[in-house]
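*Asks:* Fold the following for me, if possible:
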Amino acid sequence: MNTKILHVDPSSILFDKDEGIETCTPIFTDPKTKSYLDEASIILRSHKNCIGFPTETVYGLGASSLNDESVKSIYIAKNRPLDNPLITHVASLSQLHRKILPPSTKIPDIYLPLIKKFWPGPLTILLPVEDDTTLSRLTTAGQDTFAVRIPNHPVARALIAISDEPLAAPSANASTRPSPTLAEHVYHDLQGRIPLIIDGGPSNVGLESSVVNGLTNPPMLLRPGGISLKQIQEVGHGWEDIITAKKTANASEPVRTPGMKYKHYSPTAKVILFVKCGNGVKAVQEALSRYPNSKIALLTGSEFEIPETLQAQFAIVDHLGSSITEMAHNLFAKLRNLDKNDMDYIFIEGVPDAGEGLALMNRLSKAAHETISNDSK
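*Replies:* Numbers count the residues shown, from 1 in each chain. Below you'll find the model as predicted:
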């Protein structure tokens, strides 16, 4: 299979502000962008293949959520375990009700304040799977809930609207690899496995969506992501009591959302994560002595102060970012770039595993081969 890349202009896609998220009728000012999304829509409606497309979080690998064969194409292309559920993406609330939810079904009231504040955007909610749902049960991995969100990327939302196909869409990478934030990342992992990648430029957020479950009491944050725990708590209406689920599920434990099971986000090089190591000098020196004759890269944040004499022992030294937002945006692209340079190990400075750092540390800890902590010192 040949994999084609089509470049589109996200700025040429407009939406009627009066529609909000109730409906979605994209307006195109660039005929080529409209033509390319029409071409992608034909593939999606054929229910034979998945395609790569941009979202504001990371690039997604999309296929119809309503068709088993479509959903199977995602699992096959990614080599993804079948018990790892998928998030469904819709263009509007009307599409969610018209295509997935039975006529008598309403979205639980607890979600309405979150939807009002964060949709479209990087927040995913869990809804009950009704007996007469049109949703492919392959998206739920046998669970009685499904995950759904409205993306805040013009290309993603327009594609879903004009194809009129709710899209199951995990990150468009080979399973266990760092998530893709550029079309070229998708091509690197999935060339020959999918027919088409829509290139809409870099993803803005750089981390996947936050996933919440408001069907439990108290509600739960299942996966931290593009919306912080504090932002969710500040909504109130019961969300101030939200608790955080454990980071990783047991091997035999069913999960309701992606990212809670199996190895994730890992480059080929082994990641060594440094937590609460101050300026990093002592911890980095000790770690270097354990890996002689190795090609090692160092990614620093805001606390490490590594002298030039110590930096000289690394093949590559790079700055992940000065703020947590910047670090999160850069993480996956930096890991992929270092893999191109055939590193054996990547040393990464961590951040506090709370507040804004919760989502970033979730990804770093899952990518890490080893974590070095001076917490007791």
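*Asks:* where does the residue most central in space within the chain land on pLDDT?
*Replies:* Nearest to the mean C-alpha position of the chain, counting by CA atoms, centre = their mean, stands E208 at 2.3 Å. In this model, E208 is scored at 96, pLDDT.
*Asks:* from here on, count from 2
*Replies:* Okay, residue one is now 2; in that scheme the one you just asked about reads as E209.
*Asks:* those helices in this protein, which residues are they?
*Replies:* 32-47, 69-79, 94-100, 113-119, 155-164, 184-191, 230-234, 282-291, 309-312, 325-341, 358-368 (DSSP state H).
*Asks:* Could you identify which of these is most buried?
*Replies:* Comparing those by mean neighbour count (mean count of other CB atoms under 10 Å), helix 155-164 comes out on top with a mean of 25. Where C-beta positions appear, they are placed from N, C-alpha and C, glycine not excepted.
*Asks:* Give the other helices and strands that that one contacts.
*Replies:* Helices and strands touching helix 155-164, by 3 or more CB pairs under 8 Å, 6 or more residues apart in numbering; DSSP states H and E, are strand 14-15, helix 32-47, strand 52-54.
*Asks:* Not counting its neighbours along the chain, what's nearest A157?
*Replies:* T56 (4.6 Å; CB to CB, 6 or more residues apart in numbering).
*Asks:* tell me the contacts of the one you found?
*Replies:* H90, P152, H154, A157, A170, S204 (CB atoms under 8 Å, 6 or more residues apart in numbering).
*Asks:* can you pull the pLDDT of it?
*Replies:* 98.
*Asks:* could you dump the helices of the chain to JSON lines with distance to F348 and mean pLDDT?
*Replies:* Formatted as JSON lines, the helices of the chain follow (distance: least, CB to CB, whole Å; pLDDT from 0 to 100):
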{"stretch": "helix 32-47", "distance to F348": "40", "mean pLDDT": "98"}
{"stretch": "helix 69-79", "distance to F348": "28", "mean pLDDT": "97"}
{"stretch": "helix 94-100", "distance to F348": "44", "mean pLDDT": "97"}
{"stretch": "helix 113-119", "distance to F348": "35", "mean pLDDT": "98"}
{"stretch": "helix 155-164", "distance to F348": "34", "mean pLDDT": "98"}
{"stretch": "helix 184-191", "distance to F348": "22", "mean pLDDT": "98"}
{"stretch": "helix 230-234", "distance to F348": "27", "mean pLDDT": "97"}
{"stretch": "helix 282-291", "distance to F348": "6", "mean pLDDT": "97"}
{"stretch": "helix 309-312", "distance to F348": "11", "mean pLDDT": "96"}
{"stretch": "helix 325-341", "distance to F348": "11", "mean pLDDT": "96"}
{"stretch": "helix 358-368", "distance to F348": "12", "mean pLDDT": "95"}
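*Asks:* count of neighbours near L124?
*Replies:* When counting by other CB atoms under 10 Å, one arrives at 23 neighbours for L124.
*Asks:* Quick check: beta-bridge partners of it?
*Replies:* S211 (DSSP bridges).
*Asks:* what separates it from H370, distance-wise?
*Replies:* 31 Å (CB to CB, to the nearest Å).
*Asks:* Output the helices and strands packed on helix 155-164 as CSV; include the columns distance to L311.
*Replies:* CSV is the format used below for the helices and strands packed on helix 155-164 (distance: least, CB to CB, whole Å):
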stretch, distance to L311
strand 14-15, 48
helix 32-47, 49
strand 52-54, 40
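*Asks:* of all those, which lies closest to T217?
*Replies:* The closest of those to T217 is strand 52-54. By CB to CB, the value is 31.7 Å.
*Asks:* Tell me which stretches of the stretch 202-351 of the chain form strands.
*Replies:* 211-214, 221-224, 244-245, 271-276, 297-301, 317-320, 346-350 (DSSP state E, counting those that start in this stretch).
*Asks:* Take these and lay them out in CSV including mean neighbour count and distance to L128.
*Replies:* Shown next, in CSV, are these (neighbours: other CB atoms under 10 Å; distance: least, CB to CB, whole Å):
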stretch, mean neighbour count, distance to L128
strand 211-214, 26, 10
strand 221-224, 23, 13
strand 244-245, 12, 20
strand 271-276, 22, 35
strand 297-301, 24, 38
strand 317-320, 16, 41
strand 346-350, 25, 36
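*Asks:* what about the residue lying closest to A316 once chain neighbours are set aside, how many neighbours?
*Replies:* Of all residues not flanking A316 in the chain, K296 sits nearest, at 4.8 Å (CB to CB, 6+ apart). Counted with other CB under 10 Å, residues neighbouring K296 total 15.
*Asks:* ok, now which ones touch K296?
*Replies:* A316, N342, D343, M344, D345, Y346.
*Asks:* Closest one of the residues you listed to A270?
*Replies:* M344 (4.0 Å).
*Asks:* list the buried ones in stretch 59-72?
*Replies:* V59, Y60, G61, L62, G63, A64, S65, S66, L67, N68, S71, V72 (16 or more other CB atoms under 10 Å).
*Asks:* Switch the residues you listed over to JSON lines; also include distance to L102.
*Replies:* As requested, those are arranged in JSON lines below (distance: CB to CB, whole Å):
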{"residue": "V59", "distance to L102": "26"}
{"residue": "Y60", "distance to L102": "27"}
{"residue": "G61", "distance to L102": "22"}
{"residue": "L62", "distance to L102": "24"}
{"residue": "G63", "distance to L102": "20"}
{"residue": "A64", "distance to L102": "20"}
{"residue": "S65", "distance to L102": "16"}
{"residue": "S66", "distance to L102": "12"}
{"residue": "L67", "distance to L102": "12"}
{"residue": "N68", "distance to L102": "17"}
{"residue": "S71", "distance to L102": "19"}
{"residue": "V72", "distance to L102": "18"}
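*Asks:* so which of those would you say is closest to S13?
*Replies:* Using CB to CB, Y60 comes nearest to S13 of these, at 19.1 Å.
*Asks:* Could I get the phi/psi values of the closest one?
*Replies:* In terms of degrees, to the nearest 10, the main-chain angles of Y60 are phi -70, psi 140.
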